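Visitor: Quick one, fold the following:
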Amino acid sequence: MKKIVLVGGSGFIGHNLALHLISKGHSVNIIDSFSVNNLLNFTDDEIPNKDLYRSILNNRIDLINQNNGKLIVEDARNYHSLSKIITSLNPDIVIHLAAVSHANKSNKTPHDTFDHSLRTLENVLDICKGIGCRLVYMSSSMVYGDFNGIEVDEDTVCKPKGIYGALKYAGEIIIKSYSEVFGLPYTIIRPSALYGERCVSRRVGQIFIENIIQGKKITISGDGEEKLDFTYIVDLVDGIEKACVSEKAINQIFNITFGQGRKINDLIKILKSEFNEVNVEYKERDHLMPERGTLSNKKSIELINYKSNYPIEIGYLKYIKWYRNFWGQLKK
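Guide: Numbering: from 1, shown residues only. Next up, the predicted model:
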């Protein structure tokens, strides 16, 4: 059993990770301000799907409480309060999840992205240095920028595009510097194209289902032939847990993904098999989005015994079923 603190732990990745870690017998404390892509963001009556998103976010909290997770409300930008909390908990591992969670939002609001990503990381690094625990950092496949070939691995040179990828990569460099100077143990995780239950980040997989259920068209940036390494949230959190318990994961970087690039149009095929009417519109591709593909997960398989179990034909269908059920309960 590990004593683990999740900073920014009520988000999409965080709450799913917390539930998985608890199920594996770990002691889990969650610190979150609920102010970044969370409850405090969805108060304006003009926000589309406000009631849906607030219901999903409250469902996250209910699940955490039902599974005896410990929620602490605090802003990770507040160094002294955060330091007091984490020091008192004396964890073995701190997982840093606090961040603006979407590339488009990051490009539109770079100050907020810096504030909630690097400022919070600075605080967490200093606290971890002081108590001597390991830091697990949630990075992103966006650090690679345009994939130069069919597949990238952890040794591929990173050339991020846009604010989001640049700040994620800056976080990685800072963490490595802390390790070199202070001996801070770390693990860096690079996920890709996540989808799964209780996401409100307006990721591709979420928006497609949401629009179809509400009778709206799907808009795709580009021709839909671009490949992404779609990764079901269950695979990701299992990989993170394996990294937390393995000594081989210390001072390592891991791609925790399904490990196979799939066309965006492949998601459309699955949706068309599940819904009677799927209206798709293609528009000009966003030039700030890197051209991606497959992330090799061979290193995580060899070092921490990671295994991806959910191709989109299984994981995305499970997600569609969950969304239909949740939507149906909401409308009763």
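
Visitor: then stretch 200-210 to PDB, C-alphas only?
Guide: C-alpha atoms of stretch 200-210 as PDB (Å, rounded to 0.1, in the frame of the first residue of the first chain):
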ATOM      1  CA  VAL A 200     -16.400  17.200 -19.300                       C
ATOM      2  CA  SER A 201     -13.200  18.400 -21.000                       C
ATOM      3  CA  ARG A 202     -14.900  18.400 -24.400                       C
ATOM      4  CA  ARG A 203     -12.500  15.900 -25.800                       C
ATOM      5  CA  VAL A 204     -13.200  14.400 -29.200                       C
ATOM      6  CA  GLY A 205     -14.800  11.100 -28.000                       C
ATOM      7  CA  GLN A 206     -17.000  13.000 -25.500                       C
ATOM      8  CA  ILE A 207     -18.300  15.600 -27.900                       C
ATOM      9  CA  PHE A 208     -19.200  13.100 -30.600                       C
ATOM     10  CA  ILE A 209     -21.500  11.100 -28.300                       C
ATOM     11  CA  GLU A 210     -22.900  14.200 -26.600                       C
END
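
Visitor: Where does pLDDT dip in this protein?
Guide: Within the chain, the ranges that satisfy pLDDT under 70 run 36-47, 100-111, 332.

Visitor: Give me the residue at the spatial middle of it.
Guide: Relative to the mean C-alpha position of the chain, the nearest C-alpha, by CA atoms, centre = their mean, is the one of Ile13, at 4.5 Å.

Visitor: What are the boundaries of the helices in the chain?
Guide: In the chain, the segments counted as helices under DSSP state H are 12-23, 50-66, 79-89, 103-108, 110-114, 120-131, 162-182, 204-213, 233-245, 264-274, 298-304, 312-331.

Visitor: and those as TSV, adding distance to Pro290?
Guide: Heads up, the C-betas are built off the backbone N, CA and C, glycines and all. Formatted as TSV, the helices of the chain follow (distance: least, CB to CB, whole Å):
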stretch	distance to Pro290
helix 12-23	20
helix 50-66	27
helix 79-89	32
helix 103-108	9
helix 110-114	17
helix 120-131	22
helix 162-182	7
helix 204-213	14
helix 233-245	20
helix 264-274	14
helix 298-304	21
helix 312-331	20
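
Visitor: For Glu281, find the nearest of those helices.
Guide: With CB to CB as the criterion, Glu281 lies closest to helix 204-213 of the helices of the chain, at 10.4 Å.

Visitor: In the closest one, which residues have enough neighbours to count as buried?
Guide: Val204, Gly205, Gln206, Phe208, Ile209, Glu210, Asn211, Ile212, Ile213 (16 or more other CB atoms under 10 Å).

Visitor: Export these to JSON lines and append columns for distance to Ile270.
Guide: Listed next are those as JSON lines, based on distance: CB to CB, whole Å:
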{"residue": "Val204", "distance to Ile270": "13"}
{"residue": "Gly205", "distance to Ile270": "10"}
{"residue": "Gln206", "distance to Ile270": "14"}
{"residue": "Phe208", "distance to Ile270": "9"}
{"residue": "Ile209", "distance to Ile270": "10"}
{"residue": "Glu210", "distance to Ile270": "15"}
{"residue": "Asn211", "distance to Ile270": "15"}
{"residue": "Ile212", "distance to Ile270": "11"}
{"residue": "Ile213", "distance to Ile270": "14"}
